[in-house]
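**Q** Mind looking at a prediction? Sequence and model below.
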Amino acid sequence: MKARSVRLREAHKGSGSASHCSILWDLDGRHLVTASASDPSVSIHDVSQPSKPAKVLQHHRDGVTALALNANSSSLATGSIDHSVKLYSFPDGEFQSNVTRFTLPIRSLAFNKSASLLAAAGDDDGIKLIATLDSSISKVLKGHKGSVTGLAFDPTNEFLASVDAFGTVIYWELSSGKAVHTLKAIAPNCDAETSLLNVVSWSPDGETLAVPGLRNDVVMYDRDTAEKLFTLKGDHERPVCFLSWSPNGKYIATSALDKQVLIWDVDLRQDIERQKFDERICCLSWKPNGNALAVIDVMGKFGSWEPAVPSCMKSPTDGAPSLQAKNANGLFSFDEDDEKPSTSGSLDDAIEESHGESAPLSRKRLRKHSVYDDNSTEDSDGEEGLMCQIESRKRSSIKCQEGVRGAKEECVSSSKCAKSKMQEAFQPGSTPAQTGKRRFLAYNMLGSITTIENEGYSHIEVDFHDTGRGPRVSSMTDYFGFTMASLNENGSVFANPCKGEKNMSTLMYRPFSSWASNSEWSMRLEGEEVKVVALGTGWVAAVTSFNFLRIFTEGGLQRHVLCLNGPVVTALGFNNLLAVVTHASDCLPSGDQMLEVKVFDISEGTQPVGCHLPLTPCSYLTWFGFSEEGQLSAYDSKGVLRVFSNQYGGSWLPVFSASKARKSEDENYWIVGLNASKLFCIICKSPESFPSVMPKPVLTLLSLSFPLASSDLGADDLENEFIMSNLHLSQIQKKIEEFSAAGLNTTELDDEAFNTEAAIDRCILRLIANCCNSDKLVRATELVKLLSLEKSVKGAIKLVTALKLPMLAERFNSILEERLFNESKGTAAAPSLATNGTITNNTLLLRASPAPEITKVVETASASSSPTLPQSHFSMQEKVEKASNMVGGMEPCKDPDGENEKIVFNPMKFHQPINPFAKQSNDQEKAQERRRRDVETCKDASKGNPKEGVDQVLPKVTSGGISNDGSSQRQSHRPVNPFAKASSNHEKSSLLDSIKKMKKADHEKNEKVNNKKARS
């Protein structure tokens, strides 16, 4: 199978010509370090957060030609054309010291496995061995005639291999500093090309040295004898210029002047995978804990080839020595230079003893020990072995026991360094800085803010997606170096990190329009760095490095200063709400981020939401914000979008999975926003994970979908629609509650809720049909209990009757009768299964028509009433008024011929609303029974059949009233809102009067009947 093409992105802006570039993985595979001979800066890329800008180290004055990381990735060494070698802590990139200087440019650096030695070489005559403890030069190895371009320590710390531009390879014995083997002109001559460097590399077990050959091949040499073992000859058409062993030593990657990279199976001695690039790849690096190969070309573009080894073959990390070196405590045990005998006990021996066991000595090590024992008394005047010099300096400053304790602490600190770190703060909708390119400071559903650096200052522009929606904002010259921004309809806010001698961070707000002049304002924070900014309605917020949440008014008044529980990750505003994500604790041992989110209502001074923010295991937060409806949302690096819901006391629901929506493996989704049903994003092609300003990004709409399991029903789309509709209904109901509490009109929301409930019923009916066809009758019974409208239940009965399932029809009929009986008693029928809500009681006015027959009266009545609305937001009084208004004009009457009795709508006749909770007298019950029998006698004469079909079960509600045949029948009285609350005293008094009149009429009628019986 052909490997997927590796896409490269720019790490260093070159001069236009080829130059040597370097790339390295760190120990835990979280960071990539890159450098270029045409760029004086070194970049540290956080691979786990691609959208995060690279950390740039700018301490060299000329191009960086060499990089080296020690074994536990705690120190980074860099060599440059400016003749200097510098040391940094890693991964924070803090400068530590200038290790050494040369008189000519440096070409190669290498740490030994214990990180006690750093080898440096270049165009100067000689290789310097530098003790990292005090930066002293322990040895200078001389023997090469040309520039030394490649260095490699033997993993067992016995030898150092070097190669020069003329292709000569030398084995150096570290203890004596002497050349034990010299192999002349075995590698290609690259003296005439500065961008081409010869390299050598030891296998992870230290038994084999790989060297580029003269015949476009790779030659393997023995560790002790330096004899040629075998060659890897493949499809390289030009000489090999770089090579790198996999962590387990089973594979080796090679790049050549033909712009190809080959992956070789060393045991089979043949290439198993290849990749062709546009430019020559000048450096390779295997990921220590994964099947990935980092590459960088001579133009400064880098990328990751993943997977480098086909998945059907053994992983390049299986059986890697570095992984086997972990002890029971999870710490790495690095072999010190234990081959040197020392009767007094070295620090390295103490470290090994502190681990409880020492590694067995190989045959070759025993041979070396015997040589050392024979010569241990010689050269006592200071010409000791290399490691004796280092140990003597250690013993002069510290005791042996203290050294053991310090070594333990160093091992612990190195293990902590390898652990996952807490995610750093980021601004939603921003992209990383790229040299010479415009980037986004903010990008949301409203518009964008872009910036580009130009000769010490930046040029900022604000653009709106809909030019007619927002005002025209003039561009701004930025002299502060703003790196974060936020945008809304009223204005924009900017901030920069600490700068200058006073270490100040600046916060600036810029309104788009104001009645007053000079309405722009700024704040300066000395020694306190702004991490994230946010905007809302009438307020501006900034979260700082002191874990302070600073809230300002739109005019610049400092309103509140709050303390947060942990370092901020991100923050965003929506109207009166401010959501802030912080770290709840350190990362778990598995690397999972522990985050919490708090939502503040700025206008009310309350905190309505406070909870943990769930993320996919081993992921981090990449986007955070509110939907267009104001629902809290979060998206992680694994491609899972979650929204916050009030269900179950406040829960996060996964509503989108990129792995299921992705059409190809190289698609990345950069989130912009979302609404109730759609996700707005920008699709980026791998390896790019964020959009560029030019060309203008194109928004893509993706449907929200729960990551449901594959159902045996085969109706995943319907089930997803059912859950999404219920989620939408819960959001509407929450809004209705908020509007009602604020005394606002909820008519539009009531209509939307009613339509949503009807849509849910239609979806349930389609699911019932699928259940019947798949013989899932129990599931169908559960679904029918979730129907809101009586009309829908009757439609379900007709559906199963048409499918010839009489037993299921009988059960559905029983469910309907039970529901009507419960309603007649004024009690709620509790469902056996609740999904995103509970089924509640509705009204007493629709019990006139028995199941399963459907008449015109029921069709008209059920159009405006819902016997069982899930999560019904209507009060009982509202339901009664709604039903009475809609069915009050129904009365049985005879046609002019007096033959057929039918149902007509009398627009002049309306019943007064009744109180469904009032206790009924016997006379009232008899009167109602008589009315019920009158209605039943009408159904036989009713004309027309109700429309069949799942989508036509629900009634038609027209603006003029309810129509049996679909036509509009407008009432003569003023329009009545069926969702309006009857709260006036007049309506309450009319309700009591109607009840009294009904009681009085029934009482008088009964007296007349009794008098007639008495007379007779």
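**A** In hand now; what should we look at? Numbering: from 1, shown residues only.
**Q** now could you export just the CA positions of stretch 288-298 as CSV?
**A** C-alpha atoms of stretch 288-298 as CSV (Å, rounded to 0.1, in the frame of the first residue of the first chain):
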residue,chain,number,x,y,z
PRO,A,288,11.1,7.7,20.8
ASN,A,289,7.6,6.4,21.7
GLY,A,290,5.7,6.1,18.5
ASN,A,291,5.7,5.1,14.9
ALA,A,292,6.6,8.4,13.4
LEU,A,293,9.6,9.9,11.7
ALA,A,294,10.3,13.7,11.8
VAL,A,295,11.9,15.2,8.7
ILE,A,296,13.2,18.6,7.7
ASP,A,297,14.4,19.8,4.3
VAL,A,298,17.1,22.2,3.2
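**Q** and the most centrally placed residue in the chain, bridged to which residues?
**A** By CA atoms, centre = their mean, the chain has its centre lying nearest to D636, at 0.9 Å. Judged by DSSP bridges, the bridge partners of D636 are L621.
**Q** Equivalent analysis for I452, please.
**A** Going by DSSP bridges, I452 forms beta bridges with H459.
**Q** how about it, what does it touch?
**A** The neighbours of I452, taking CB atoms under 8 Å, 6 or more residues apart in numbering as the test, are K437, R438, R439, S458, H459. Using the backbone N, CA and C atoms, a C-beta is placed for each residue, glycine as well.
**Q** at 10 Å instead, please
**A** A433, Q434, G436, K437, R438, R439, S458, H459, I460, E461, D478, V693 (CB atoms under 10 Å, 6 or more residues apart in numbering).
**Q** hang on, the earlier thing: thought T622 was touching the residue nearest to the centre of the chain, still the case?
**A** Yes - with contact defined as CB atoms under 10 Å, D636 counts as touching T622 (6.2 Å).
**Q** so what sits against both of the two?
**A** Common neighbours of D636 and T622 (CB under 10 Å, 6+ apart) are L615.
**Q** Am I right that K55 is in contact with S89?
**A** No - K55 lies out of contact with S89 (CB under 10 Å); the separation is 11.9 Å.
**Q** So which of these two has more stuff around it?
**A** Using other CB atoms under 10 Å as the criterion, K55 and S89 rank with K55 on top: 16 against 13.
**Q** so what's the more buried one bridging to?
**A** The partner residues for K55, given DSSP bridges, come to I44.
**Q** mind listing what it touches?
**A** H31, V33, V42, S43, I44, H45, D46, P91, D92, G93, E424.
**Q** what's the spacing between the closest residue to E667 other than its chain neighbours and R9?
**A** Once flanking residues are discounted, E667 sits nearest to I683: 5.7 Å by CB to CB, 6 or more residues apart in numbering. Between I683 and R9 the distance is 16 Å, computed by CB to CB, to the nearest Å.
**Q** cool, and K685?
**A** 11 Å.
**Q** Name the residue in those two with the higher neighbour count.
**A** More neighbours surround R9 than the other of K685 and R9, with 15 against 11 (other CB under 10 Å).
**Q** Surely that one is in contact with M299?
**A** No - using CB under 10 Å, R9 makes no contact with M299, being 11.3 Å away.
**Q** which residues sit in contact with W539?
**A** 551-554, 557, 559-560, 573, 576, 578, 600, 602-603.
**Q** Looking at those, which one is closest to A294?
**A** Distance to A294 across those (CB to CB) is lowest for G573, with 38.9 Å.
**Q** Name whatever forms a beta bridge with that closest one.
**A** L578.
**Q** Could you do I137 as well?
**A** The partner residues for I137, given DSSP bridges, come to I130.
**Q** now swap in F242 and tell me
**A** Applying DSSP bridges, one finds that F242 bridges with S255.
**Q** Am I right that it is in contact with H236?
**A** No - checked against CB under 10 Å, the pair F242 and H236 is beyond contact range at 11.7 Å.
**Q** Spell out which residues are contacts of both of these two.
**A** P212, T254, S255, A256, V261.
**Q** Considering the residues you listed, which possesses the most neighbours?
**A** P212 leads the shared contacts of F242 and H236 on contacts (other CB under 10 Å) with 28 neighbours.
**Q** In contact with it, which residues?
**A** Per CB under 10 Å, 6+ apart, neighbours of P212: 150, 163, 167, 186-188, 190, 198-201, 218-219, 236, 239-243, 254-256.
**Q** need the strands for the stretch 201-350 of the chain, in chain order.
**A** 201-202, 208-212, 218-222, 228-232, 240-245, 251-256, 260-265, 270-276, 281-286, 293-297, 301-305 (DSSP state E, counting those that start in this stretch).
**Q** part of a strand, is V180?
**A** Yes - the assignment for V180 is a strand, going by DSSP: H, G, I helix; E, B strand; the rest coil.
**Q** per-residue confidence at it?
**A** Predicted confidence (pLDDT) for V180: 94.
**Q** Equivalent analysis for P852, please.
**A** On pLDDT, P852 comes in at 38.
**Q** May I have the secondary structure class of S730?
**A** helix.
**Q** That one and A676: what is the separation?
**A** 11 Å.
**Q** one step back: filter the contacts of W539 down to the buried ones.
**A** By neighbour count, with 16 or more other CB atoms under 10 Å, the contacts of W539 hold I551, F552, E554, G573, L578, F600, I602 as buried.
**Q** Reformat the residues you listed into a markdown table and put secondary structure next to each item.
**A** Converted to a markdown table, the buried ones among the contacts of W539 look like this (three-state DSSP):
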| residue | secondary structure |
| --- | --- |
| I551 | strand |
| F552 | strand |
| E554 | coil |
| G573 | strand |
| L578 | strand |
| F600 | strand |
| I602 | coil |
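**Q** contacting residues around G319?
**A** P204, P247, N248, G249, K250.
**Q** Burial check on the fourth one, number of neighbours?
**A** Using other CB under 10 Å, G249 has 20 other residues around it.
**Q** That one contacts D205, correct?
**A** Yes - if you go by CB under 10 Å, G249 and D205 touch, sitting 5.8 Å apart.
**Q** Can you get me a residue count around N503?
**A** Using other CB under 10 Å, N503 has 13 neighbouring residues.
**Q** okay, it: pLDDT?
**A** 81.
**Q** Next, find the distance separating it from N496.
**A** 12 Å.
**Q** which neighbours do these two share?
**A** E529.
**Q** which ones are touching the closest residue to P204 other than its chain neighbours?
**A** Once flanking residues are discounted, P204 sits nearest to G249: 4.3 Å by CB to CB, 6+ apart. G249 is in contact with 202-208, 266-267, 316, 319-321, counting by CB under 10 Å, 6+ apart.
**Q** now, among the contacts of K55, which is nearest to D712?
**A** Within these, the smallest distance to D712 is 43.4 Å, found for D46 (CB to CB).
**Q** And the nearest residue to that closest one once chain neighbours are set aside, what's its pLDDT?
**A** In space, and not counting its chain neighbours, D46 is closest to K52: 5.2 Å by CB to CB, 6+ apart. Per-residue pLDDT puts K52 at 79.
**Q** swap in N646?
**A** 84.
**Q** likewise G14?
**A** 73.
**Q** Same question for the one 4 residues further on.
**A** Reading off the confidence values, A18 has pLDDT 87.
**Q** any low-confidence regions in this structure?
**A** 1-4, 322-420, 469-470, 500, 826-996, 998-999, 1013, 1015-1016 (pLDDT under 70).
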